[in-house]
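1. need a 3D model of the sequence below.
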Amino acid sequence: MDIATAQWLVSEGGREALRQADAWADPTSVSAAQGMRRQWNAEQSAAALSQTRLRRRAALKFGAGAGSLFYTSDGLEQATRPAVAAWRATRFVQAGVSTIWDLGCGIGADALAFAAAGLRVIGVERDPVTAIFAQANLGQGVEVLTGEVAELVGAGPTGRPGPQPGEGIFCDPARRTDRGRSWRVQDFSPSWEFVTRLLTGNASVCVKVGPGIPRALIPDAAHATWVSESGDLVEASLWAGFPALGAGAAEALLLPGGHMLLGEPGSDPVPAEIGRFLYEPDPAVIRAGALARLADDLDAGAIAPGIAYLSGDRLEDTPFAEAFEVLEVLPTAEKTVRAWVRNHDIGVLEIKKRGIDVDPAELRRRLRPAGTHKATLVLTPTSAGAVALVVRRISRA
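-> Predicted coordinates for the structure are as follows:
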């Protein structure tokens, strides 16, 4: 989309086109394109229909408010979920930050949360079309600058004064190349070198990164938080310049409850045999290196080295793991498992696995469940060899 079309789309003329585009059940259809072109040119019609498609997709992430925002495909994919953005804004407010620079603000998802928390926001976005959409989403109360981050915050030869004392920085580097989405820090824009300079400076800084970031790349000055929302590991963030957050520490954060668990990188849970209960830790707990701490809290141990299942004989309520009661322990031989499925009249079979090279969907097909009952199988190594555990999910109180 060119700049002129983007400017038209956020104008009143574009809003009327969007209202009409939204009336089409299938905005990808030929009839929708032909119908729109009776009133608008090809570029405008395509832009309105594309925006309608993106708004409908965005409803999964932004809920009821999705229909009032403007998106690019990349911007929607990288945009922070509202609950995560609100939590991040609260952490800046609690640190005493009053103004925040949102570097790589995209369509403005985090900036919306910052503004809602009462912060003055200055957004920076290098893509002109995305910047137009961000400004439309944020309104005139937020300043959105268009250009390269390094140039606009004083790190380049034409830089303007950047963040001042008492101002915070949030940086969400672009992570997309010509080959698609990338989590390699070498592909970040602004560069990883620029990001690490931010984290080792004097400002209050948060950098959003992929949850798979290697620990060796995290600067010693940074506090790392892995964030999970409703069981989905959505991001990691690196924090520096926050006195309440220990440098070099790691933590798991679970939303929407706001539960936090500090990690102990390099510390492994004690070994354990299969007990009455099996725990599947939240992925944020695993990434944060908090398995040993969680195991201690649950009076449980690891069923095999490097396998993130914990087991114990006492049921403990925890937000940090899903609990299962172990009903039977079977060998993993497919013939044996198939016979168990048949003999127990299983028709709906959930298969979970760690450390076992098997495709659960393909295995389910071969096991041929066709009965009237439900079951959950967990395939995992143990200290005594691989097993298939028949388990019952325990609902939290």
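2. three-state assignment of Arg56?
-> helix (DSSP: H, G, I helix; E, B strand; the rest coil).
3. which pLDDT value belongs to it?
-> At Arg56, the pLDDT value in this model is 94.
4. if I look at it, how far off is Val30?
-> Per Cβ to Cβ, to the nearest Å, Arg56 is found 18 Å from Val30. In this view, the C-beta of every residue, glycine as well, is placed from N, C-alpha and C.
5. more neighbours: which of the two?
-> The neighbour count for Arg56 versus Val30, taken as other Cβ atoms under 10 Å, is higher for Arg56 (13 against 8).
6. return the residues in contact with the more buried one.
-> 27, 66 (Cβ atoms under 8 Å, 6 or more residues apart in numbering).
7. one more: Arg293?
-> Going by Cβ under 8 Å, 6+ apart, Arg293 touches 261-264, 267.
8. surely Gln44 touches Gln7?
-> No: using Cβ atoms under 8 Å, Gln44 is not in contact with Gln7; the gap is 11.2 Å.
9. let me know the pLDDT of Ser29.
-> With respect to pLDDT, Ser29 scores 94.
10. how about Phe324?
-> At Phe324, the pLDDT value in this model is 97.
11. that one: neighbour count?
-> If you count neighbours by other Cβ under 10 Å, Phe324 ends up with 22.
12. quick check on it: phi, psi?
-> Here is the backbone geometry of Phe324 (degrees, to the nearest 10): phi -130, psi 140.
13. show me what contacts it?
-> 277-280, 376, 378, 389, 391-394.
14. that one pairs with what?
-> For Phe324, the beta-bridge partners are Leu278, Arg393 (DSSP bridges).
15. from the contacts of Phe324, which is closest to Val84?
-> Glu280 (22.1 Å; Cβ to Cβ).
16. give me the element the closest one is part of.
-> strand 277-281 (DSSP states H and E).
17. which elements pack onto the next helix or strand after that strand?
-> Next helix or strand after strand 277-281 toward the C-terminus (DSSP H and E): helix 283-287. Here helix 283-287 touches strand 223-229, strand 232-240, strand 250-255, going by 3 or more Cβ pairs under 8 Å, 6 or more residues apart in numbering; DSSP states H and E.
18. name the surrounding residues that touch the longest one.
-> I take that to be strand 232-240. With contacts defined as Cβ under 8 Å, 6+ apart, strand 232-240 is touched by 80-81, 84, 88, 91, 198-201, 204-211, 213, 218-219, 221-228, 245, 247, 282-284, 287.
19. ok, back up a step: nearest to Ala64, out of the helices and strands packed on helix 283-287?
-> strand 223-229 (17.5 Å).
20. quick one: mean pLDDT over that closest one.
-> The average pLDDT for strand 223-229 rounds to 96.
21. just give me how far it sits from the chain centre.
-> 9 Å (Cα atoms, centre = their mean, to the nearest Å).
22. pull the contacting residues for Pro360.
-> Per Cβ under 8 Å, 6+ apart, neighbours of Pro360: 351-353.
23. ok, the closest residue to Gly104 other than its chain neighbours to Pro271 distance?
-> Setting aside the residues directly before and after it, Gly104 is nearest to Asp172 in space (Cβ to Cβ, 6 or more residues apart in numbering), at 4.6 Å. According to Cβ to Cβ, Asp172 stands 40 Å off from Pro271.
24. same check, this time on Arg215
-> Arg215 is 23 Å from Pro271, by Cβ to Cβ.
25. re earlier: closest to Asp297 out of the contacts of Arg293?
-> Closest approach between the contacts of Arg293 and Asp297, by Cβ to Cβ: Leu261, at 8.3 Å.
26. from the centroid of the chain, which residue is nearest?
-> For the chain, the residue nearest the mean C-alpha position is Val234 (1.6 Å; Cα atoms, centre = their mean).
27. Ala333: how many residues sit nearby?
-> 11.
28. same check, this time on Trp192
-> Here the number of neighbours of Trp192 (other Cβ under 10 Å) works out to 17.
29. ok, Ser189 next?
-> By other Cβ under 10 Å, neighbour count at Ser189 equals 16.
30. local confidence estimate at it?
-> Ser189 carries a pLDDT value of 78.
31. who are the contact partners of the closest residue to Ala323 other than its chain neighbours?
-> Using Cβ to Cβ, 6+ apart and skipping the chain neighbours, the partner closest in space to Ala323 is Ile394 (4.4 Å). With contact set as Cβ under 8 Å, 6+ apart, Ile394 has these partners: 277, 315, 323-325.
32. do that again at 7 Å, thanks
-> Contacts here follow Cβ atoms under 7 Å, 6 or more residues apart in numbering; on that basis Ile394 touches 315, 323-325.
33. of those, keep whichever come out buried.
-> Buried subset of the contacts of Ile394 (neighbour count, 16 or more other Cβ atoms under 10 Å): 323-324.
34. and the contacts of Ile394, which is closest to Ala333?
-> Phe324 (21.8 Å).
35. ok so, going back, looking at Asp172 and Pro271, which one has more neighbours?
-> Asp172 (22 against 12).
36. gap between the more buried one and Gly289?
-> Going from Asp172 to Gly289 by Cβ to Cβ gives 24 Å.
37. kindly report the same for Glu235.
-> In this view, Glu235 and Gly289 are 17 Å apart by Cβ to Cβ.
38. low-confidence ranges, the stretch 151-300 of the chain, go.
-> By pLDDT under 70, the low-scoring segments of the stretch 151-300 of the chain are 154-163, 175-183.
39. in it, which spans are strands?
-> 167-171, 176-177, 180-181, 204-209, 223-229, 232-240, 250-255, 259-262, 277-281 (DSSP state E, counting those that start in this stretch).
40. that older thread, export the contacts of Phe324 to CSV and tack on distance to Val153?
-> Output for the contacts of Phe324, formatted as CSV (distance: Cβ to Cβ, whole Å):
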residue, distance to Val153
Phe277, 51
Leu278, 49
Tyr279, 45
Glu280, 43
Thr376, 51
Val378, 49
Leu389, 53
Val391, 52
Arg392, 54
Arg393, 49
Ile394, 50
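41. now, of those residues, which are buried?
-> 277-280, 376, 378, 389, 391.
42. between those residues, which is closest to Leu367?
-> Of the buried ones among the contacts of Phe324, the one sitting nearest to Leu367 (Cβ to Cβ) turns out to be Thr376, at 13.0 Å.
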